[in-house]
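J.: sequence and predicted structure are below.
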Amino acid sequence: MTGIRHARVDTVLGELTVTADGDAVTGVYFPGHWYPPTAAELGDEVAESDDALVAEAGAQLRAYLAGERDRFTIATMATGDAFQHAVWEEISRVPYGQTTTYGTIAATLGNPNLAQRVGQAVGHNPLSIIVPCHRVVGSTGKLTGYAGGLERKRHLLALESPVPEATLF
């Protein structure tokens with residue numbers, strides 16, 4: 001399919017809204033998302049099963065949430081300014097099962113005083129889960145705001161956490 005469109009994708013984290021434009025996924029939004037897409041960014045509603053790209057995105061999201069994959073291979077395209085794109089690129093480099101901080105990203109981008117601005121860019125990441133903004137935590141390791149809610153952030157981080165050895169015996 002071509003053009004701007006969206007579909008509802010059922011997952012263990014609720015019904016996600018996946019947006020797409022042409023051959024790229026442009027957004028993944030939770031119910032109650034802090035910064036939902038505009039009507040123009042949503043486009044027409046399609047059935048997940050009727051759109052090959054959205055169906056693949058849904059399949060990859062469900063596989064990730066089931067612990068069956070640790071990365072995404074679908075084409076994406078996010079709308080944002082140059083700073084946001086730089087932040088989202090840094091987030092994309094955080095390995096599965098690891099976290100980073102807003103301050104670390106700010107320092108990597110050349111100015112450790114920009115942690116708050118990094119936080120704003122993280123919060124406006126339109127590709128939740130695919131660009132793993134849940135892997136960004138506060139300087140003390142504390143879970144801070146998440147556009148999809150802290151319970152979902154906890155769930156995603158727990159999903160990626162290795163099982164402690166003590167629980168294996």
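T.: Ah, there it is.
J.: Arg117 contacts Phe83, correct?
T.: Yes. Contact criterion C-beta atoms under 8 Å: Arg117 and Phe83 qualify, at 6.9 Å. Where you see a C-beta, it was placed from the backbone N, CA and C, and this is true even at glycine.
J.: show me which of those two is the more surrounded one.
T.: Ranked by neighbour count (other C-beta atoms under 10 Å), Arg117 and Phe83 place Arg117 first, with 17 against 14.
J.: how about the helix ranked longest in the chain as PDB, C-alpha atoms only?
T.: Assignment by DSSP state H gives helix 52-65 as the longest helix of the chain. Provided in PDB are the C-alpha atoms of helix 52-65 (Å, rounded to 0.1, in the frame of the first residue of the first chain):
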ATOM      1  CA  ALA A  52       1.700  -6.100   4.200                       C
ATOM      2  CA  LEU A  53       4.000  -3.500   5.900                       C
ATOM      3  CA  VAL A  54       1.700  -3.000   8.900                       C
ATOM      4  CA  ALA A  55       1.100  -6.800   9.100                       C
ATOM      5  CA  GLU A  56       4.900  -7.300   9.200                       C
ATOM      6  CA  ALA A  57       5.300  -4.600  11.800                       C
ATOM      7  CA  GLY A  58       2.600  -6.200  13.900                       C
ATOM      8  CA  ALA A  59       4.200  -9.600  13.600                       C
ATOM      9  CA  GLN A  60       7.600  -8.300  14.600                       C
ATOM     10  CA  LEU A  61       6.200  -6.300  17.500                       C
ATOM     11  CA  ARG A  62       4.400  -9.400  18.800                       C
ATOM     12  CA  ALA A  63       7.500 -11.600  18.400                       C
ATOM     13  CA  TYR A  64       9.600  -9.000  20.300                       C
ATOM     14  CA  LEU A  65       7.000  -8.800  23.100                       C
END
